[in-house]
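Participant: Here's a sequence, model it:
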Amino acid sequence: LGQVAPYYYLMATLICYAIFMYVLAKVLPQFTLCTSLGHLVNKERLNETLALHRFHEAQRRQKRKLVQLTFGENLDDSIVCMQATDGDNDMTAVVVEMDTIS
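Facilitator: Sure, this is the predicted structure:
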């Protein structure tokens, strides 16, 4: 009951390592996502959506710039309501001045 041969320590370590590698190789991938999310995205559809978003943002900035040129540069103290009419070809803008002095 006293001494254990070094051979048993080596065998126990190798068996534990083999079990660990089996779990790592077989069981763990079943519970984790092994596919990169970049491969799951339809890149053509993503590029279309991104281009459409950039187009709408450019239109919004252009309309805001048009309102600033029409009503003056000092619109920081005003509330601007822009409303598109007739299929986004015409635009109505209403400027409400805020009375901050009183």
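Participant: Can you name the helix or strand that N47 falls in?
Facilitator: helix 43-71 (DSSP states H and E).
Participant: can you pull the buried residues of that helix?
Facilitator: Of the residues in helix 43-71, those buried by neighbour count under the rule 16 or more other C-beta atoms under 10 Å are K63, V67. (Glycine included, C-beta is placed from N, CA and C.)
Participant: could you say what helices and strands that helix packs with?
Facilitator: strand 78-85, strand 90-97 (3 or more C-beta pairs under 8 Å, 6 or more residues apart in numbering; DSSP states H and E).
Participant: One more pass at 6 Å, please.
Facilitator: The helices and strands touching helix 43-71, judged by 3 or more C-beta pairs under 6 Å, 6 or more residues apart in numbering; DSSP states H and E, are strand 90-97.
Participant: now the strand it packs on: mean pLDDT?
Facilitator: Mean pLDDT, strand 90-97: 55.
Participant: got it, and stretch 31-38?
Facilitator: pLDDT averaged over stretch 31-38 gives 63.
Participant: how about low-confidence regions in the chain?
Facilitator: Where the chain drops to pLDDT under 70, the residues are 1-2, 32-40, 72-102.
Participant: try 80
Facilitator: When residues are selected by pLDDT under 80, those of the chain lie in 1-2, 27-41, 67-68, 70-102.
Participant: Specify the local secondary structure of V4.
Facilitator: Three-state assignment for V4 (DSSP: H, G, I helix; E, B strand; the rest coil): coil.
Participant: ok, how many other residues are close to I15?
Facilitator: 10 (other C-beta atoms under 10 Å).
Participant: buried ones in the helix or strand harbouring it?
Facilitator: I15 is part of helix 6-22, with elements assigned from DSSP H and E. Within helix 6-22, no residue counts as buried by 16+ other C-beta under 10 Å.
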